[in-house]
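**Student:** let me see the structure of the following:
(one chain, ligands or ions: 1)
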Amino acid sequence: MQQCWRIPAGGVFGRAETGHRRPSRSPALQAFAKLKYKANIAQNHSRKSAWTNIDYDRLYTQPSYNPGRQLGSVKLQPIPGRGRGLVAQRDIPLAETVLLSEAVGGVLSGPEGTELRPQHLADHLAALQRAGALGQPDRARLRLLYDGSAADSPMALRNRAASLDDFRKLEDKLRRVAEAPKKAKGKGFGAPAAAAAAGAAGQAGSGIDTVTLGEAPLEGEELSRLASLNAWGNSFGELGASALRGEASEAVIGIWPEFALVNHACAPNTTAFAVGQRLLLQAVRDIPRGGEVTTSYLAEMALAPLERRREWLRGAYGFECACERCTAEASVPPAVSAAVDAAYAAASSEEARALAGQAAGRSDRGALAPLEAAVAAAVEALEEAMQEAGLEEQLRAWLRASAYNAYYTRAAIRDLPEGGAGPGGLLFGSRGATAKAPFSDPEVPAGLAAVVSEVAAGSDLHLFLTLEALSRSAEAFPRDDPRVVEATKTCLHAHILRYGRTSDDVLKQLVQARIAHPHYLGRISLASSQQQQQQEPDSSNAQQSGQSRPGDAGSLVSEPLLGSAAWVAASPVQLRDAAAAAAAELAAGMGTGQAAAAPGGV
Ligand SMILES: C[S@@+](CC[C@H](N)C(=O)[O-])C[C@H]1O[C@@H](n2cnc3c(N)ncnc32)[C@H](O)[C@@H]1O
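**Tutor:** Presented below is the predicted three-dimensional model:
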């Protein structure tokens, strides 16, 4: 399960005009802008208290904190056409942790940006085994995973029979072995006898003998197959938590056995990310009792048309995706599918790809006019085709995600300055640009965030776009403007989906760390830009050149809003209500944008 949500090397947007103006919009952009992010957190759901004892604040801030493996209210069961899968045993509300897993044999890591492939992991595990560091329980854990064997092979039958108890049993066994020497002391048994007892305990309660399963060494080919079908990786670390934990953001790849039981969907209900060696799986939608827990194996391919996604999954995993999104997209009239493919193709030219790659200073809006016209026409044709076909909103949202590169390319070109980017470039993330905070339409990243949230809620890209939208609206409007309040709500909602139940303080630090990360530089600053420019003439340079200034990020995430939003994460209340209350509080307490800028000290 290779996943990684890359933010284009140079960032996402360019700069447009100096000073804010409301740009005129085409009907298609208006339609696009109507994609309002739905902050319907936990509406009408009775919630149970969180099942874990995870202290999220410590998890995100202290590398030494070890909450151990955790499995939520899920069970492993056969899913027709998908082998086994994890199913919710009770309603799991969004923003709740589904599982927290530890990698078998630890993770393989490398410098940020490294493409770590499953074969690298297989080689790493083989080396561990040769060194005697991949013991029987680890081998058994791996052998309980899907190995690509035919549905009626002995392996597949064994896998189907395995239960979550087998995984739990292995963990219990390890704990017993760890504790056994201590307990055995003074009783005259000693470690070997205790370890044997632990081994016997490992065989109880399930049809699968995990001791025998882990006896034989794993062959090279077996390891390669297991890694290619079960590994998860990312080319950068968790951008908020690694900063708070004092760790460098690194590329990682690993096999987290419980997570490897989760099947794929093209619009999944969870998001996964690694915090140190652990993998956290967070629900980003309410998962009803009996509903399957799903994740995406696709990374950026989630933003591609149906046939491309299916082809990729067929090639990498050998299955034909028939998830809800694929099934719905397969049912649309041919004219709509053709419009999706045409929009995707229009934005896949070399020029468009170069734009997405953001070579500093290379682009200006005039030079890209033909591309802009082609992409804009393709997007409008898609919107019209969907309108004509009378498709429901959910399906339209998925189809927009399938043609995301067209929406993105159109937005990125419109975001460029009319007269060219100039030397050094004004493109988002480019270094050395000297222009001062020309901010364009906040609805551009907000619209893209809404598209991404439909298929990759809680992903890095989703969080990035909501931060960008917040940054722009904060710089364009007074702090108590409803648009700023809405952008704040949306941004915090995205972060809460990912991070779950943190305290206000840690949530704020996570947001700040994401803003300060070099991926985000050039654009995102939650400081009050006007004031900042008046007071600190070099401030936009500092943002462009990658220097983060402690404290400047927090001024918009005003205490009342953040407080309420974070409180939502810790209690079963609707974000919308809380944010409305916070907005009222903000308006009453602060009155003007100027006053609202004060708490962050900028
Ligand atoms: C990481 S495993 C997931 C757990 C696996 N179903 C099992 O029984 O252990 C990946 C494999 O599950 C199956 N799978 C996952 N998602 C699927 C889907 N949406 N449709 C069909 N098969 C799927 C494929 O065989 C894939 O190679």
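
**Student:** name the helix or strand of the chain that has the lowest mean pLDDT.
**Tutor:** Sorted by mean pLDDT, DSSP states H and E, the helices and strands of the chain end with helix 593-596, the least confident at a mean of 24.

**Student:** burial of residue 248, as a residue count?
**Tutor:** As a burial measure, residue 248 scores 12 neighbours (other Cβ atoms under 10 Å). To be clear about C-beta, it is placed using only N, CA and C from the backbone, and glycine gets the same treatment.

**Student:** that one should be in a helix, yeah?
**Tutor:** No - secondary structure of residue 248 (DSSP: H, G, I helix; E, B strand; the rest coil): coil, not part of a helix.

**Student:** return the residues in contact with it.
**Tutor:** Applying Cβ atoms under 8 Å, 6 or more residues apart in numbering to residue 248 gives the contacts 112, 237, 242.

**Student:** distance of it relative to residue 333?
**Tutor:** In this structure, residue 248 and residue 333 are 50 Å apart, going by Cβ to Cβ, to the nearest Å.

**Student:** swap in residue 277?
**Tutor:** In this view, residue 277 and residue 333 are 48 Å apart by Cβ to Cβ.

**Student:** for the helix or strand hosting residue 312, packing partners?
**Tutor:** When elements are assigned from DSSP states H and E, residue 312 belongs to helix 306-317. For helix 306-317, the packing partners by 3 or more Cβ pairs under 8 Å, 6 or more residues apart in numbering; DSSP states H and E come out as helix 324-330, helix 334-346.

**Student:** give me the below-cutoff pLDDT ranges for the stretch 451-600 of the chain.
**Tutor:** Low-confidence segments of the stretch 451-600 of the chain, defined by pLDDT under 70: 518-600.

**Student:** measure the residue of the stretch 1-150 of the chain found nearest the ligand to residue 76 for me?
**Tutor:** As assessed by Cβ to the nearest ligand atom, the ligand sits closest to residue 83 within the stretch 1-150 of the chain, at 2.8 Å. Residue 83 sits 10 Å away from residue 76, taking Cβ to Cβ as the criterion.

**Student:** tell me which of the two has more neighbours.
**Tutor:** In this view residue 83 and residue 76 are compared by other Cβ under 10 Å, and residue 76 has more residues nearby, 20 against 15.

**Student:** send over the helix or strand where that one lies as PDB, restricted to the C-alpha atoms.
**Tutor:** Using DSSP H and E, residue 76 maps to strand 74-79. Taking C-alpha atoms only, strand 74-79 is exported to PDB below (Å, rounded to 0.1, in the frame of the first residue of the first chain):
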ATOM      1  CA  VAL A  74     -13.300  -3.400  14.600                       C
ATOM      2  CA  LYS A  75     -13.300  -7.100  13.600                       C
ATOM      3  CA  LEU A  76     -11.700  -8.900  10.800                       C
ATOM      4  CA  GLN A  77     -14.100 -10.700   8.600                       C
ATOM      5  CA  PRO A  78     -14.400 -12.000   5.000                       C
ATOM      6  CA  ILE A  79     -15.600  -9.300   2.600                       C
END
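
**Student:** quickly check: it near the ligand or not.
**Tutor:** No - Strand 74-79 stays clear of the ligand (Cβ under 6 Å from any ligand atom), getting no nearer than 7.0 Å.

**Student:** hmm, the helix holding residue 312 in reach of the ligand?
**Tutor:** Yes - using Cβ under 6 Å from any ligand atom, helix 306-317 reaches the ligand at residue 317.

**Student:** just want the angle from that helix to helix 334-346.
**Tutor:** 70 degrees (axes from the mean of the first three to the mean of the last three Cα atoms, to 10 degrees).
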